[in-house]
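J.: missing the sequence, but the structure's below:
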């Protein structure tokens, strides 16, 4: 079983809609959760981090964490064509040292 | 601040050749990492260095060696390149602690013929 699972997509949404990206993780000891955006040919760029259950909002982005269900999601409101990218979910584990595990990513297409 | 830098950006090798990928960070981070990214596979950890002077294997270490030269620099060496090592290589760093977050370099695209 993979540490972090994501639907590979592609997820297609029209411009202005809400895009919903989902991620599940296997280790209940995971402590921190991250969403990265990766444009084609570029490196991952951090969008959001979330550490406790509930919602965290930053502009058009909302991260949601449910530790009981081992589930993390990212909502993108008012989606723009510039949001078209692959979104990577990552979790951090460890006490003496932090290890990060990444999902394989969900490709998002926002259609004008 | 340049953040995390990597050299070279692109490299083509023949099977059996060796090379070293360089990584440096100017954020005073304690931990550094090397990942490879293959289509549909996500990021896989090759080696990491929790702090200066220490290194350890990640998920896919075979065929690679690393050196944590100082706090800033972490290099990845391919001693005898194989076509299976064709990939995009990313270096990352993080400060450590309870709200640790990784930051990535621009990547090196390696092709082994």
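T.: Received it, and whenever you're ready, just let me know what you need. The structure presented is a predicted model; accordingly, all values stated were derived computationally and were not measured. Numbering: from 1, shown residues only, chains lettered A, B, ... in the order given.

J.: make it CA atoms for all contacts and neighbour counts henceforth
T.: Fine.

J.: what's the closest non-adjacent residue to residue B:106?
T.: Closest residue in space to residue B:106, ignoring its immediate chain neighbours: residue A:43 at 5.2 Å, by CA to CA, 6 or more residues apart in numbering or on different chains.

J.: got the contact list for the helix or strand harbouring residue B:65?
T.: Element membership of residue B:65 [criterion: DSSP states H and E] is strand B:64-68. Identification of contacts with strand B:64-68 by CA atoms under 8 Å, 6 or more residues apart in numbering or on different chains yields B:46-47, B:49, B:52-55, B:74-79.

J.: Likewise for stretch A:66-75?
T.: A:18-26, A:28, A:33, A:35, A:53-54, A:61-65.

J.: Find the closest residue to chain A in chain B.
T.: Residue of chain B nearest chain A, by CA to the nearest CA: residue B:42 (3.7 Å).

J.: wait, that residue sits on residue A:101?
T.: No: judged on CA atoms under 8 Å, residue B:42 makes no contact with residue A:101 at a distance of 9.5 Å.

J.: what about these two, which has more around it?
T.: Taking other CA atoms under 10 Å in any protein chain shown, residue B:42 and residue A:101 do not tie; residue A:101 has more neighbours (22 against 17).

J.: And that one, what's its pLDDT?
T.: Listed pLDDT for residue A:101 reads 89.

J.: show me what contacts it?
T.: A:3-4, A:90-92, B:43-44 are the contacts of residue A:101 under CA under 8 Å, 6+ apart.

J.: Please list the residues of chain A that sit near chain B.
T.: A:8, A:32, A:42-46, A:51, A:97-98, A:101-105 (CA under 8 Å from any CA of the partner chain).

J.: Buried among these? Make that a PyMOL selection.
T.: Buried members of those, identified by 16 or more other CA atoms under 10 Å in any protein chain shown, are gathered into one PyMOL selection as follows:
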select buried, chain A and resi 8+32+43+44+45+46+51+98+101+102+103+104+105
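
J.: Of the residues of chain A next to chain B, which pair is most distant in space?
T.: Within those, A:8 and A:97 form the most distant pair, 29.1 Å apart (CA to CA).
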